[in-house]
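> what would the 3D arrangement of this be:
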Amino acid sequence: MSWSTRRIPYLGVLALTLVACNTGSESAGDVDPDPIFTPTQYTVADFYKNSGFGGASWSPDGSKILVSSNSTGIWNAYVVPATGGELQALTTSADDAIFAVEYFPADERILYSSDKGGNELSHLYVRETDGTVRDLTPGDKHQANFVGWAGDDESFFITMNNRDPRFFDVHQVASDGYRKTLLFRNPGGFDIGAVSPNGRYVVLTKTRTTNDSDLWLHDRQVGTTKNITAHTGNANNVPADFAPDNSRLLFVSDSGREFAAVRAYDLASGATSTVYEQSWDVAGASFSKSGKYLTVTVNEDARSVQRLLDATSLAPVELTGVPGGVMNGMTVAPNDSALAFYANDGSVPNELYAGRIGVAPTRLTNALHASVKREDLVRPQIVRFKSYDGVEIPGVLYRPHQASRTAKAPAIVFVHGGPGGQATVGYSPLIQALVNHGYVVFDINNRGSSGYGKSFYAMDDRKHGEADLGDVVASKTMLIETGYVDSTKIGIMGGSYGGFMVLAALTLQPDEFKVGVDLFGVANWARTLESVPPYWESFREALYAEMGDPKADSARLHRISPVFHADKIKVPLMVLQGANDPRVLQVESDEIVAGARKNGVPVEYLVFPDEGHGFLKNENKIKGYSAVIAFLDRHLKGLAAQ
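You can find the predicted model right below:
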């Protein structure tokens with residue numbers, strides 16, 4: 001899952017790598033309504049022949065890069081030579097997704113993370129150089145996460161909630177022998193942010209609301225824990241990185257401003273200063289191993305832009321021969337000599353590049369399958385429209401090549417996860433498959449989405465299913481005004497929070513959309529809020545502050561919960577659900593499906609027994625999304641069943 005640093009992750013879905021396209025922001029009316037060409041039509045399976053890649057950890061000698069890839073249909077760990085060559089599989093799981101974490105600093109052991117069937121109880125594993133594997137965090141009911149390496153490279157820091165399922169403690173794990181030592185016992189109510197390289201400081205996050213949080217610094221040497229971002233009003237403060245010399249902590253904050261900037265807290269003096277700011281949210285910052293370079297990430301209008309800076313002067317580092325578009329996933333080699341990054345133009349999967357800083361990089365991956373022609377895919381555009389009350393709403397618009405004034409296309413309003421997620425420019429096999437099959441897709445950033453300032457972000461608080469749904473309905477007018485959308489054939493699709501928006505549209509605004517596709521969406525808010533996983537305890541108060549307390553706000557939550565209004569559903573509905581989903585329980589989908597079927601409308605329902613919140617296995621995605629397109633072809637396009 002991908003999440004904004006401005007909000008604790010909750011109900012996100014369909015994570016898209018944040019990348020840039022080469023188009024500017026425009027109104028929908030600026031989009032040329034004349035046809036371009038008729039592309040080759042591919043199956044959903046064809047789009048999953050393409051490979052996904054993520055992560056980039058340099059080997060100690062800089063000769064290899066550790067990545068994750070789903071090229072076999074399941075995510076596994078691979079290594080690729082830094083100068084180019086064949087990928088080598090380090091893990092070969094056929095069941096549970098494996099995500100590479102990092103190389104060990106002094107040898108070619110690797111750390112990786114994996115859960116069971118999408119249950120989100122991820123453990124950390126070490127793969128030894130001889131290929132044997134060891135679970136470093138054994139147990140059945142807890143989650144473990146990697147935090148970072150100690151400055152001397154002789155140990156690393158992890159978090160686990162094995163002591164109390166509600167709260168994560170920090171442990172230090174020895175590189176030699178893997179002995180675990182409790183470093184910080186969480187007193188409760190805090191999220192773990194980062195640990196200083198010398199192990200002295202632990203930065204904690206205390207979240208009051210989704211718009212207001214503070215950083216607390218625990219000093220293990222003197223035993224104190226103090227608030228280092230005390231403020232009035234609403235401000236989000238998120239830890240970024242400790243300096244390698246343990247002199248300061250970088251964090252991202254929107255205190256006193258609309259957009260977040262990078263700030264530094266001096267650990268000796270306690271002074272705070274602004275390090276880097278833009279007219280958009282700065283989403284993160286991290287040092288290279290020595291501290292020579294600083295990588296910053298800026299959320300520029302649904303595009304993630306990364307820049308490499310000199311950490312002392314903050315001057316941009318000139319990079320030679322980089323591909324078009326914008327780089328993301330940037331990682332500096334341990335000796336500061338080379339850089340690895342991903343690049344993407346928004347229509348094709350991420351490709352990994354690497355090379356010496358100042359020298360043109362080499363592309364290391366071939367993510368696009370030879371059977372799929374690049375020119376058949378669609379680069380999205382950022383567009384804006386005025387909503388029902390005049391608020392400007394942005395989003396990412398995908399226009400099929402074949403859509404025109406004389407060949408108007410059906411359209412899908414796609415709603416992201418959250419609450420508080422963001423539609424971003426990036427490669428989605430599902431969206432590209434929909435567009436390839438002739439569907440206009442508008443990936444909307446309704447009010448409450450991240451990335452457009454904290455005022456916009458807070459506009460949907462305790463107004464879900466109402467203010468935000470109004471934006472979704474209003475987007476239909478924008479789509480019709482493009483000149484190439486059939487006004488009688490507009491549907492809605494989304495996952496998680498976006499799935500709730502689908503169900504809300506079909507129950508609270510039942511005359512607006514012709515079909516709905518719900519991917520594990522919330523149907524009963526009171527039950528979902530009461531059943532959040534125990535390891536979200538530190539976020540419960542903030543979640544209730546935004547969505548409502550399931551007891552105190554039961555009347556409003558009942559009013560917006562689709563399951564209680566299922567008798568209003570009058571259009572075809574399709575629902576996909578993972579049986580192991582700990583966030584949106586299967587009963588949510590079971591009940592909305594049962595309610596809709598009572599109305600006599602067409603309802604299709606697919607449950608995947610080996611998936612959780614979001615689908616990780618390509619075979620399940622192909623089955624589910626092929627069924628989605630067939631459903632849309634029948635009920636939105638009006639085609640006969642194949």
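> look at residue 623 and say how many residues are nearby.
A total of 17 residues lie near residue 623 under the criterion other C-beta atoms under 10 Å. (Each C-beta comes from the backbone N, C-alpha and C, glycine too.)
> should've said residue 531
Residues near residue 531, counting by other C-beta under 10 Å, number 15.
> what's the answer for residue 41, then?
Residues contacting residue 41 under the criterion other C-beta under 10 Å number 12.
> the helix or strand containing residue 558 packs against which elements?
Per DSSP states H and E: residue 558 is located in helix 554-560. For helix 554-560, the elements it packs on are helix 525-530, judged by 3 or more C-beta pairs under 8 Å, 6 or more residues apart in numbering; DSSP states H and E.
> thinking again about what came up before, export the helix holding residue 558 to CSV, keeping only CA atoms.
Once non-C-alpha atoms are left out, helix 554-560 reads as follows in CSV (Å, rounded to 0.1, in the frame of the first residue of the first chain):
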residue,chain,number,x,y,z
SER,A,554,-24.1,6.0,15.6
ALA,A,555,-27.0,7.9,14.0
ARG,A,556,-24.8,9.6,11.4
LEU,A,557,-22.7,6.4,10.7
HIS,A,558,-26.0,4.5,10.3
ARG,A,559,-27.2,7.2,7.8
ILE,A,560,-24.1,6.9,5.6
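> how about residue 530: what's its closest non-neighbour residue?
Nearest residue to residue 530 in three dimensions, chain neighbours excluded: residue 550, at 5.1 Å (C-beta to C-beta, 6 or more residues apart in numbering).
> and residue 52, by the same measure?
Spatial nearest neighbour of residue 52, chain neighbours left out: residue 70 (4.7 Å); criterion: C-beta to C-beta, 6+ apart.
> who touches that neighbour in this structure?
Residue 70 makes contacts with 51-52, 76, 97, 616, 618, as judged by C-beta atoms under 8 Å, 6 or more residues apart in numbering.
> neighbouring contacts of the helix or strand containing residue 619?
Using DSSP H and E, residue 619 sits within helix 618-632. By C-beta under 8 Å, 6+ apart, the residues outside helix 618-632 that reach it are 43-45, 48, 70, 73-74, 410, 412, 429-430, 433-434, 437, 439, 491, 493, 515, 517, 572, 574, 576, 604, 606, 608, 610-611, 615, 641-642.
> give the buried residues for that helix.
Residues of helix 618-632 classed as buried by neighbour count (16 or more other C-beta atoms under 10 Å): 618, 620-625, 627-632.
> and these, which is closest to residue 108?
Of all these, the one with the least separation from residue 108 (C-beta to C-beta) is residue 618, at 28.2 Å.
> so where do the helices sit in the chain?
Residue ranges of the helices in the chain, as given by DSSP state H, are 44-47, 429-436, 454-457, 467-481, 497-508, 525-530, 537-547, 554-560, 586-597, 618-632.
> out of the ones you listed, which is closest to residue 258?
Using C-beta to C-beta as the criterion, the shortest distance between residue 258 and the helices of the chain is 6.1 Å, found for helix 454-457.
> ok, and what's touching the closest one?
Contact partners of helix 454-457, identified using C-beta under 8 Å, 6+ apart, comprise 6-7, 211, 234, 236, 254, 258-259, 420, 447-450.
> chain center to it, what's the gap?
Its chain's C-alpha centre and that of helix 454-457 lie 19 Å apart, by C-alpha atoms, centre = their mean, to the nearest Å.
> what are the buried residues along that helix?
Going by neighbour count (16+ other C-beta under 10 Å), the buried part of helix 454-457 is 454, 456-457.
> now render those as TSV, adding pLDDT and distance to residue 112.
Putting those into TSV (pLDDT from 0 to 100; distance: C-beta to C-beta, whole Å) gives the following:
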residue	pLDDT	distance to residue 112
454	94	36
456	96	37
457	94	34
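> one step back: out of the contacts of residue 70, which is most surrounded?
The most crowded member of the contacts of residue 70, judged by other C-beta under 10 Å, is residue 76 (23 neighbours).
> who touches that one in this structure?
Under the contact definition (C-beta under 8 Å, 6+ apart), the residues listed for residue 76 are 68-70, 89-93, 98.
> and the residues you listed, which of them are buried?
For these, burial is judged from neighbour counts taken by 16+ other C-beta under 10 Å, and it is met by 68-70, 90-91, 98.
> any regions of the stretch 501-642 of the chain where pLDDT drops low?
For the stretch 501-642 of the chain, residues meeting the criterion pLDDT under 70 lie at 641-642.
> revised request: answer the last question for the chain.
Low-confidence segments of the chain (pLDDT under 70): 1-35, 325-326, 641-642.
> rerun at 90
1-37, 188-189, 208-211, 304-305, 322-328, 344-346, 418-419, 426, 531-546, 639-642 (pLDDT under 90).
> sorry, back to before: what is the most widely separated pair among the contacts of residue 76?
Farthest apart among the contacts of residue 76 by C-beta to C-beta are 70 and 90. That separation is 14.3 Å.
> straight-line length of stretch 136-149, end to end?
Using C-alpha to C-alpha, to the nearest Å, one end of stretch 136-149 lies 15 Å from the other.
> what comes into contact with stretch 195-202?
Residues outside stretch 195-202 that contact it (C-beta under 8 Å, 6+ apart): 147-151, 157, 170, 172, 183-184, 192-194, 203, 217-221, 242, 244, 246, 249, 267.
> so which of the residues you listed belong to strands?
With strands taken from DSSP state E, the overlap with the contacts of stretch 195-202 comprises 147-149, 157, 170, 172, 183-184, 192-194, 203, 217-219, 242, 249.
> list the buried residues of the helix holding residue 558.
For helix 554-560, a neighbour-count test (16+ other C-beta under 10 Å) marks 556-557, 560 as buried.
> same question for stretch 379-397.
Buried residues in stretch 379-397, counting neighbours by 16+ other C-beta under 10 Å, are found at 380-385, 387, 391, 393-397.
> residue 57 against residue 65, yeah?
Yes: counting by C-beta atoms under 8 Å, residue 65 is a contact partner of residue 57 at 6.8 Å.
> need the overlap of contacts for those two.
Once C-beta under 8 Å, 6+ apart is applied, the residues that residue 57 and residue 65 both contact turn out to be residue 331.
> quick one: which of those two has more around it?
Set side by side, residue 57 and residue 65 show unequal neighbour counts under other C-beta under 10 Å, the larger going to residue 65 at 26 against 21.
> if we can go back for a sec, could the contacts of residue 70 be laid out in CSV, adding distance to residue 478?
Converted to CSV, the contacts of residue 70 look like this (distance: C-beta to C-beta, whole Å):
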residue, distance to residue 478
51, 34
52, 31
76, 41
97, 37
616, 33
618, 33
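> quick one: which of these is nearest to residue 308?
Nearest to residue 308 among the contacts of residue 70, counting by C-beta to C-beta, is residue 52 at 24.3 Å.
> surely that closest one meets residue 367?
Yes: taking C-beta under 8 Å as the contact criterion, residue 52 and residue 367 are neighbours in contact, 7.1 Å apart.
> next, show the common contact partners of these two.
With contacts defined as C-beta under 8 Å, 6+ apart, the residues adjacent to both residue 52 and residue 367 are 349-350.
> okay, strands next: where are they in the stretch 101-250 of the chain?
For the stretch 101-250 of the chain, applying DSSP state E, counting those that start in this stretch gives strands covering 110-114, 123-127, 133-135, 144-149, 155-164, 167-174, 180-184, 191-195, 201-209, 212-219, 224-227, 237-242, 248-253.
> and for the stretch 301-450 of the chain?
The residue ranges that make up the strands of the stretch 301-450 of the chain, judged by DSSP E, counting those that start in this stretch, are 303-310, 326-332, 338-344, 351-356, 362-363, 381-386, 392-398, 409-415, 440-444.
> any idea which of these is most buried?
Across these, averaging neighbours per residue (mean count of other C-beta atoms under 10 Å) puts strand 409-415 on top, at a mean of 28.
> partner strands of it and their direction?
The pairing partners recorded for strand 409-415 under DSSP bridges are strand 440-444 (parallel), strand 485-495 (parallel).
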